[in-house]
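Chemist: sequence-free structure coming up:
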């Protein structure tokens, strides 16, 4: 049976004693020494609570011992040292390579599925007030256990006596009252150790939304978080009510509608009854989810992969607490046995690694007619620590496909038919909107829309702008699909073979083209395998002019060369011509020559694929995104 093992100087050498929860609660000395835990413990009970600045290890063990047996083993005093503070603010743990420790351990911690609890925690402050704060929190959390054992009053008297010795007695007593009464200050700490709820949902778009949910869940678990994954599509909306009055560290959805579900009274948002901050990771332009965002819960945040979208959402959705720049992470391909690569299975060893700080998104106002595309500073280049990269399987030249495109076909002419059916004034406005997007395809759609309004001398307030932009959203879909078709057709007509997937391509007017190789539909995981067998993976942005998408990062992590239309985020994060290939929608006539030149250079392709892989592996895996999310969660307003 899995258990927690503590090597302690509080027992005779070689003696063993099972420590109960109540024994640990009344005597924190049992948390001293070298503590080893089963490797999966963090995913079950949560990680050390970083809302506490003292006795974090002790507080963690109180949670852990309720689920795992706690075995204390005596070790000789000369094997203990007390030259600093341990993770719990007590005696420092044994050195991991100490001679005495190796002699007295009946197992090899790493090989037997254990890990040292103190790994990466670092020294904690010995400030008496910080230790007092933690003691009060523990008393508040376990007050029912203390009452049942008849020790509550004595614990409170002891804490009041400790408060009298602190510089600010009044504040110390107020803190104790807040912890015992479970005030908001108590829940700021307690909710930090609660699980994160993640919603799975629709299997549209190659099931990519569920793949993103699963990847984020796995990365958060590797960071020591408790995660619950709930499949809304499978369980149904009614099943969401089981979470009413439950508390979570966070609730996350991937482009989900569930945050706009209302109760039967048509006034109460369901998620206002589920406690914890709500995050919706949105992949499309935020205007496309206007109704869902405007009817969201009170404690609502948007995660967006395009900084233009961040600026837009901050300006037009004042009901949202914050909009955060948050590109999705990339996924490594599955190994032949269907398991994730070995290096992904050991991410838990990096539980306490601090995330790299990112630049804050640029603040914008409503776009003006002649506003230039947003310019962002390039991130500072840092030397990366050495790390082991997964080896490439086979040679790049031996990949099965030259070019693949993992995307569906939509006929833009259907959107034009819809626009033609609009009333005259809106039809003319949509046509002008389309014209400006064609003339300046590097600009965000909202800037082209504002320019079209100015052309017809239409003045709107912010609500009117958002409503009309949403009403004419078919123009945005039309231009996306127009360029998707034009790019594919340009390559095909130049004699370049492209592999596409899914039944929608039989609707393409060029479905008969001899260079268009159609395959059955794929799942999200299967698409990774296809990318891994592709020399070049074509990406066509859905008008994300400052976007960084999962399709780009997935391809890089599959060691496929990314061929994509330009976005400022791609240009910032990667070097065009070295890490990936970027092309301009204004110069599609140059695209066939670019592709043919690269396909003729297997050495260059392999080098580019490897450079792209190294950058994506270092900075753009879901591990990186999970670390950033947890940092944003800690610092949220």
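Modeler: Yep, that arrived. As the structure is a computational prediction, the values presented were derived from the model and not from experiment.
Chemist: give me the below-cutoff pLDDT ranges for the chain.
Modeler: Across the chain, residues meeting the criterion (pLDDT under 70) sit at 1, 77-112, 118-126, 205, 335-397, 637.
Chemist: what residue spans form the domains of it?
Modeler: The chain breaks down by automatic domain parsing into domains covering 1-124, 127-193, 212-329+342-378+626-634, 398-621.
Chemist: list the contacts for the nearest residue to residue 445 once chain neighbours are set aside?
Modeler: With C-beta to C-beta, 6 or more residues apart in numbering as the criterion, residue 445 has its nearest non-adjacent residue at 5.1 Å, and that residue is residue 476. For every residue, glycine as well, the C-beta is placed using N, CA and C. Shown here is residue 476, whose contacts under the criterion C-beta atoms under 8 Å, 6 or more residues apart in numbering are 285, 288, 437, 445, 543.
Chemist: from residue 303, how far out is the residue nearest to the first one when sequence neighbours are not counted?
Modeler: So that's residue 285. Of all residues not flanking residue 285 in the chain, residue 309 sits nearest, at 6.2 Å (C-beta to C-beta, 6+ apart). The gap separating residue 309 from residue 303 is 10 Å, by C-beta to C-beta, to the nearest Å.
Chemist: can you map out the helices along the stretch 51-200 of the chain?
Modeler: 56-64, 99-104, 128-141, 143-149, 152-164, 169-181, 184-190 (DSSP state H, counting those that start in this stretch).
Chemist: buried residues, the first one. List them.
Modeler: The one in question is helix 56-64. Across helix 56-64, burial judged by 16 or more other C-beta atoms under 10 Å covers 56, 57, 58, 59, 60, 61, 62, 63, 64.
Chemist: same question, the longest one
Modeler: Neighbour counts over helix 128-141 (16+ other C-beta under 10 Å) mark 129-141 as buried.
Chemist: just to revisit the earlier point, residue 200 is nearest to which of the domains of the chain?
Modeler: domain 212-329+342-378+626-634 (4.3 Å; C-beta to C-beta).
Chemist: now the helices for the stretch 451-600 of the chain?
Modeler: Taking DSSP H, counting those that start in this stretch, the helices of the stretch 451-600 of the chain run over residues 462-471, 473-493, 524-532, 550-557, 568-573, 591-599.
Chemist: show me what counts as buried in the fifth one.
Modeler: Meaning helix 568-573. Counting neighbours by 16+ other C-beta under 10 Å, one finds that the buried residues in helix 568-573 are 568, 569, 570, 573.
Chemist: now do the same contact list for residue 312.
Modeler: Shown in contact with residue 312 (C-beta under 8 Å, 6+ apart): 285, 286, 287, 364, 444, 446.
Chemist: and it, that one's in a strand?
Modeler: No - Residue 312 sits outside any strand when classified using DSSP: H, G, I helix; E, B strand; the rest coil, being helix.
Chemist: where's it relative to residue 286, distance?
Modeler: Relative to residue 286, and taking C-beta to C-beta, residue 312 is found at 6 Å.
Chemist: same check, this time on residue 217
Modeler: Computed with C-beta to C-beta, the distance linking residue 217 and residue 286 is 24 Å.
Chemist: ok, now residue 25?
Modeler: 48 Å.
Chemist: more neighbours: which of these two?
Modeler: Set side by side, residue 25 and residue 286 show unequal neighbour counts under other C-beta atoms under 10 Å, the larger going to residue 286 at 24 against 20.
Chemist: residues contacting that one?
Modeler: For residue 286, the contact set (C-beta under 8 Å, 6+ apart) comprises 293, 302, 304, 309, 312, 313, 316, 317, 323.
Chemist: sitting in helices, which of those do you find?
Modeler: Within the contacts of residue 286, membership in helices is found for 293, 309, 312, 313, 316, as judged by DSSP state H.
Chemist: among those residues, which one lies nearest to residue 607?
Modeler: Out of the ones in helices among the contacts of residue 286, the member with the shortest distance to residue 607 (by C-beta to C-beta) is residue 309, at 33.2 Å.
Chemist: burial of the closest one, as a residue count?
Modeler: Here the number of neighbours of residue 309 (other C-beta under 10 Å) works out to 26.
Chemist: surely it and residue 288 touch.
Modeler: No - taking contacts as C-beta atoms under 8 Å, residue 309 lies outside contact range of residue 288: 10.2 Å.
Chemist: follow-up on the earlier one: could you dump the helices of the stretch 451-600 of the chain into JSON lines and include distance to residue 278?
Modeler: As requested, those are exported to JSON lines (distance: least, C-beta to C-beta, whole Å):
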{"stretch": "helix 462-471", "distance to residue 278": "21"}
{"stretch": "helix 473-493", "distance to residue 278": "24"}
{"stretch": "helix 524-532", "distance to residue 278": "24"}
{"stretch": "helix 550-557", "distance to residue 278": "21"}
{"stretch": "helix 568-573", "distance to residue 278": "25"}
{"stretch": "helix 591-599", "distance to residue 278": "42"}
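Chemist: most packed of those?
Modeler: By mean neighbour count, with neighbours taken as mean count of other C-beta atoms under 10 Å, helix 550-557 ranks first of those at a mean of 27.
Chemist: give me the angle between that one and helix 524-532.
Modeler: Angle between the axes of helix 550-557 and helix 524-532 is 50 degrees (criterion: axes from the mean of the first three to the mean of the last three C-alpha atoms, to 10 degrees).
Chemist: now tabulate the buried residues of helix 568-573 in JSON lines and tack on distance to residue 454.
Modeler: Listed next are the buried residues of helix 568-573 as JSON lines, based on distance: C-beta to C-beta, whole Å:
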{"residue": "568", "distance to residue 454": "24"}
{"residue": "569", "distance to residue 454": "27"}
{"residue": "570", "distance to residue 454": "30"}
{"residue": "573", "distance to residue 454": "33"}
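Chemist: with that, I have no additional questions.
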